[in-house]
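**Q** coords please:
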Amino acid sequence: MSRELDMTVNDLPAINASLNFISTVFISAGWFYIRRNAWQRHVPCMIAAIVSSTLFLVGYLVYHAHAGEKSSGYTGLIAAIYFPILASHVLLAFVTLPLVVLTVLPVFQRRWDKHRRLGRWTMPIWLYVSVTGVFVYLMLYKWFPPRPH
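**A** You can find the predicted model right below:
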């Protein structure tokens, strides 16, 4: 007996948060390995981080194209915590994509100096965006879901 997998657009926020978490793990592992000069382990971690982040971006765009924006309606202490995290997450997310691209391009030219210089900026920003993406999901969908209007 097989069960059919019924996925809808409404499943995408959880999938996207999972992809953000996977990105977090691989970005962290890639940083760990390169700090120990284990570039042979760094490379597959960063490829996995790029793939999971790319899948996240596709899922995010598909979800918001179909579902629109979800208003939290938060006030008080929750709003004071949620909105600064959301604002910093969104602003830095716009910076992350071009930074990742600019950091990866020198790899194909074997310009390790440039890759290393850009990576020092890209890694913490990309990591922050991935981690805060998980927190935004948890706050909005699990911990403090908005009340229906």
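**Q** Packing partners of the strand or helix carrying T96?
**A** Assessed by DSSP states H and E, T96 sits inside helix 76-108. The contact analysis (3 or more CB pairs under 8 Å, 6 or more residues apart in numbering; DSSP states H and E) places helix 76-108 against helix 39-67, helix 112-137. All C-beta spots, glycine's among them, are computed from the backbone N, C-alpha and C.
**Q** Looking only at the first one, what residues are buried by neighbour count?
**A** Think helix 39-67. By neighbour count with 16 or more other CB atoms under 10 Å, helix 39-67 contains the buried residues 42, 45-46, 48-50, 52-53, 55-56, 59-60, 63.
**Q** if you skip the residues just before and after it, what's nearest to I81?
**A** Spatial nearest neighbour of I81, chain neighbours left out: M139 (7.8 Å); criterion: CB to CB, 6 or more residues apart in numbering.
**Q** Before we move on, what's the pLDDT of that neighbour?
**A** Residue-level confidence at M139 comes out at 94, pLDDT.
**Q** ok so, going back, output the helices and strands packed on helix 76-108 in a markdown table; the columns should cover distance to A80.
**A** Formatted as a markdown table, the helices and strands packed on helix 76-108 follow (distance: least, CB to CB, whole Å):
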| stretch | distance to A80 |
| --- | --- |
| helix 39-67 | 25 |
| helix 112-137 | 14 |
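**Q** I'd like to know which of those is closest to I81.
**A** Across the helices and strands packed on helix 76-108, I81 has its closest neighbour in helix 112-137 (9.4 Å, CB to CB).
**Q** Now the phi/psi pair for T8, please.
**A** Taking degrees, to the nearest 10, you get phi -130, psi 170 for the backbone angles of T8.
**Q** Next up, the contacts around it.
**A** Residues near T8 by CB atoms under 8 Å, 6 or more residues apart in numbering: none.
**Q** Going by neighbour count, list what's buried in the helix holding T96.
**A** Neighbour counts over helix 76-108 (16+ other CB under 10 Å) mark Y82, L86, H89, L92, A93, T96, L99, V100, T103, V104, P106 as buried.
**Q** gap between K142 and G68?
**A** Distance of K142 to G68, computed by CB to CB, to the nearest Å: 20 Å.
**Q** between these two, who's got more neighbours?
**A** K142 (11 against 8; other CB atoms under 10 Å).
**Q** okay, now D6: neighbour count?
**A** Number of residues near D6 (other CB under 10 Å) recorded here: 6.
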